[in-house]
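S.K.: Following is a predicted model, sequence given first.
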Amino acid sequence: MEISKMIINKSKDDYRIEQAYKYRGDDYWDWWVWVEASDANLDKISNVIYNLHYTFKIPVRKIDTRENKFRLKTSGWGVFTIYIRLNFKDDSVLDLEHDLELYYPSDENNNS
């Protein structure tokens, strides 16, 4: 059995996870997360793996759409930490975390 080498040589300062959301009612939100980086840095990414809370029907999602900054769109009722792996074209990886934040419309922090 061959073990492949994992190279981590990307800076977390160059890549960050952003989010937006919209409250649908009845304690349920539509929300989006994506990779925010320069165009040159986004071009280096092959795909992004999002690890959602285990209660999602499909908790691991692979996104390879560069045009929308590897955006994941889904919906749910609660907050949790999303674990993200950026897979680069040079076979290196970068692991990130994002604490999903959702607020009710009356809250001044609402992003809808």
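M.R.: Yep, that arrived.
S.K.: Thr55 and Val79, how far apart?
M.R.: 12 Å (CB to CB, to the nearest Å). C-beta coordinates here come from the backbone N, C-alpha and C atoms, glycine included.
S.K.: More neighbours: which of these two?
M.R.: Val79 (14 against 10; other CB atoms under 10 Å).
S.K.: pLDDT at the residue lying closest to Tyr15 once chain neighbours are set aside, what is it?
M.R.: Nearest residue to Tyr15 in three dimensions, chain neighbours excluded: Ala37, at 4.7 Å (CB to CB, 6 or more residues apart in numbering). Listed pLDDT for Ala37 reads 97.
S.K.: Kindly report the same for Asn110.
M.R.: pLDDT, Asn110: 50.
S.K.: Could you check how far the nearest residue to Phe70 once chain neighbours are set aside is from Asp95?
M.R.: Closest residue to Phe70 apart from its sequence neighbours, by CB to CB, 6+ apart: Val48 at 4.1 Å. For Val48, the distance to Asp95 equals 11 Å [CB to CB].
S.K.: could I have stretch 35-51 exported to PDB, CA atoms only?
M.R.: What follows is stretch 35-51, C-alpha atoms only, in PDB (Å, rounded to 0.1, in the frame of the first residue of the first chain):
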ATOM      1  CA  VAL A  35     -13.700  30.800  -0.400                       C
ATOM      2  CA  GLU A  36     -12.600  34.400  -0.400                       C
ATOM      3  CA  ALA A  37      -9.200  35.000  -2.000                       C
ATOM      4  CA  SER A  38      -7.500  36.800  -4.900                       C
ATOM      5  CA  ASP A  39      -8.300  35.600  -8.400                       C
ATOM      6  CA  ALA A  40      -4.800  34.200  -8.700                       C
ATOM      7  CA  ASN A  41      -5.100  32.200  -5.500                       C
ATOM      8  CA  LEU A  42      -8.600  30.900  -6.400                       C
ATOM      9  CA  ASP A  43      -7.100  29.700  -9.700                       C
ATOM     10  CA  LYS A  44      -4.800  27.500  -7.700                       C
ATOM     11  CA  ILE A  45      -7.600  25.500  -6.100                       C
ATOM     12  CA  SER A  46      -8.800  22.300  -7.700                       C
ATOM     13  CA  ASN A  47     -11.800  21.700  -5.400                       C
ATOM     14  CA  VAL A  48     -13.100  22.400  -1.900                       C
ATOM     15  CA  ILE A  49     -14.500  19.800   0.500                       C
ATOM     16  CA  TYR A  50     -17.000  21.100   3.000                       C
ATOM     17  CA  ASN A  51     -17.700  18.900   6.100                       C
END
